[in-house]
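In: below are the sequence and a predicted model; questions follow.
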Amino acid sequence: AQSVAQPEDQVNVAEGNPLTVKCTYSVSGNPYLFWYVQYPNRGLQFLLKYITGDNLVKGSYGFEAEFNKSQTSFHLKKPSALVSDSALYFCAVRALSGYSTLTFGKGTMLLVSP
Amino acid sequence: DAGVIQSPRHEVTEMGQEVTLRCKPISGHDYLFWYRQTMMRGLELLIYFNNNVPIDDSGMPEDRFSAKMPNASFSTLKIQPSEPRDSAVYFCASSPGTSVGTDTQYFGPGTRLTVL
């Protein structure tokens, strides 16, 4: 079975500071990892994904994520947070081989203060 | 393209009533997914379709829930009879395929269901 853990329900950061939203995963075989963002009263929007190759993946809105196989982690990062980044962030995983549906984490609320 | 379209955006109903949620996927997408989001359980996959055929409905909570996809541009999720514990936000998502590179899911805005 595959699973995702987002250990923080909420992350608070001041505008201009770097941010990290944590994600760890469990999957059989090589992982295929995603980050999605949900703004208030909206559906989830795709941010970025990791398939293979470079451990640092760049995505939309200046976000990036770092894959660490030994720690089974896929943390979302941004060098300088904006107030408009405040939203709910979801990490998701599936096995790279074959097809399985995505398993989502419970989400982490990011609050960026002015 | 307008993206995934869901209706209604909000639904308030009384326990025991039938509720029908609707979804129009992105044109050309062969896969359609129904999810439920609650504070307690997060985002749960209920069912997904490939080319209008239900593939996996193991996430459907019980027989009160049913989903159909009569054609490539329309799907419904029906709850009959509804119960207060069904209150949640229901999302529809679609993707072009399931192979790596084609399986990014695009979500609709959701339907917020409240069962009194």
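Out: Cool, the structure landed. Numbers count the residues shown, from 1 in each chain, chains lettered A, B, ... in the order given.

In: for the residue of chain B at minimum distance from chain A, which non-adjacent residue is spatially closest?
Out: Nearest to chain A, among the residues of chain B, is residue B:107, at 3.3 Å (C-beta to the nearest C-beta). C-betas here are computed from N, CA, C, even on glycine. In this structure, residue B:107 finds its nearest non-sequential neighbour in residue A:43, 3.3 Å apart by C-beta to C-beta, 6 or more residues apart in numbering or on different chains.

In: just the pLDDT for the one you found.
Out: pLDDT recorded at residue A:43 is 89.

In: how about the residues of chain A near chain B?
Out: Contacts of chain A with chain B, taken as C-beta under 8 Å from any C-beta of the partner chain, map to A:32, A:34, A:36, A:41-46, A:49, A:51, A:90, A:96, A:99, A:101-102, A:104-107.

In: buried subset of these?
Out: Buried subset of the residues of chain A next to chain B (neighbour count, 16 or more other C-beta atoms under 10 Å in any protein chain shown): A:32, A:34, A:36, A:43-44, A:46, A:49, A:90, A:96, A:101-102, A:104-107.

In: widest-spaced pair of these?
Out: A:43 and A:96 (25.2 Å; C-beta to C-beta).

In: how far does stretch B:108-116 sit from the chain's center?
Out: 10 Å (C-alpha atoms, centre = their mean, to the nearest Å).

In: residues making contact with that stretch?
Out: Stretch B:108-116 has contacts (C-beta atoms under 8 Å, 6 or more residues apart in numbering or on different chains) with A:41-43, B:3-15, B:17, B:19, B:21, B:23, B:37, B:79, B:82-93.
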